[in-house]
Each structure stands twice: as structure tokens, then as C-alpha cells.
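Chemist: requesting a structural model of the entry that follows:
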Amino acid sequence: MIEGFVALYIFMLAAFTGYEVISRVPVILHTPLMSGSNFVHGIVLVGAMVAFGQADPDSTMQTIIGFLGVALAAGNVVGGYVVTERMLEMFKSSKGQK
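Modeler: Residues are numbered from 1 along each chain as shown. All right, here's what the predicted structure looks like:
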């Protein structure tokens, strides 16, 4: 298992890399980019479920953090698909709605 400082170092590198990558994307592409990366949100949800499953049943803090991780990841997945649906609605033709 990854120890504390190594995990913190990896988290900081991932946060910095993510910030640098996203800051270079033009504003007009943010919504399509995020809706196209819904598979990443699904992987995060699976990882949160694995972490929640590995939590010590006697540790209340681990259980709470695991549950919050699963809940937030599930909300992220649902939100990504809602944004995708709204974005696709913008491109539908309005000819048939007369």
C-alpha cells in the first residue's frame, strides 16, 4: 500500500498536472471535453467502491470517507451525463417541432 507522503506527493503531482492541462484548453471546449471524459468518472466511481470495500469495518472514519467518496463519484458520473445530454440537445434541429 502507498504510504502517506508518497500518496500526498502523487496527489499533488496529479492536481498540478490536471490544472496545467485544463488551463490550456480554450473555454469553448470545456463542456465537450468534460462530457467526453465521462469514462474517467466511471473509473473514479469504481476506485471509490474498491476503497470503500477495503475500509476496516471497525473504523468509523474510514467508512464515512469511503461512503462520501462513492457518493461524490456517483454524483460526478450523473452530472457528466446530464451535461452531455444538455449539450447534445443544443445540436438537434428545431424543424420537426413546428
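Chemist: remind me which residues of the protein are low pLDDT?
Modeler: Along the chain, segments meeting pLDDT under 70 span 1-2, 30-32, 34-36, 96-98.
Chemist: show me it divided up by domain.
Modeler: Domain assignment for the chain by automatic domain parsing gives 1-27, 37-97.
Chemist: export those to CSV and tack on mean neighbour count?
Modeler: Every C-beta, even on glycine, is put in place using the N, C-alpha and C of the backbone. Listed next are these as CSV, based on neighbours: other C-beta atoms under 10 Å:
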stretch, mean neighbour count
domain 1-27, 9
domain 37-97, 13
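Chemist: what's the nearest residue to residue 66 once chain neighbours are set aside sitting at in phi/psi?
Modeler: Leaving aside its chain neighbours, residue 66 sits nearest to residue 52 (3.2 Å; criterion: C-beta to C-beta, 6 or more residues apart in numbering). Per-residue torsions, residue 52: phi -70, psi -40 (degrees, to the nearest 10).
Chemist: if I look at residue 24, how far off is residue 40?
Modeler: 18 Å (C-beta to C-beta, to the nearest Å).
Chemist: wait, I meant residue 72
Modeler: 14 Å.
Chemist: next: residue 89.
Modeler: Look at residue 89 and residue 40: by C-beta to C-beta, they are 23 Å apart.
Chemist: repeat for residue 74
Modeler: Residue 74 is 14 Å from residue 40, by C-beta to C-beta.
Chemist: no more questions from me, cheers.
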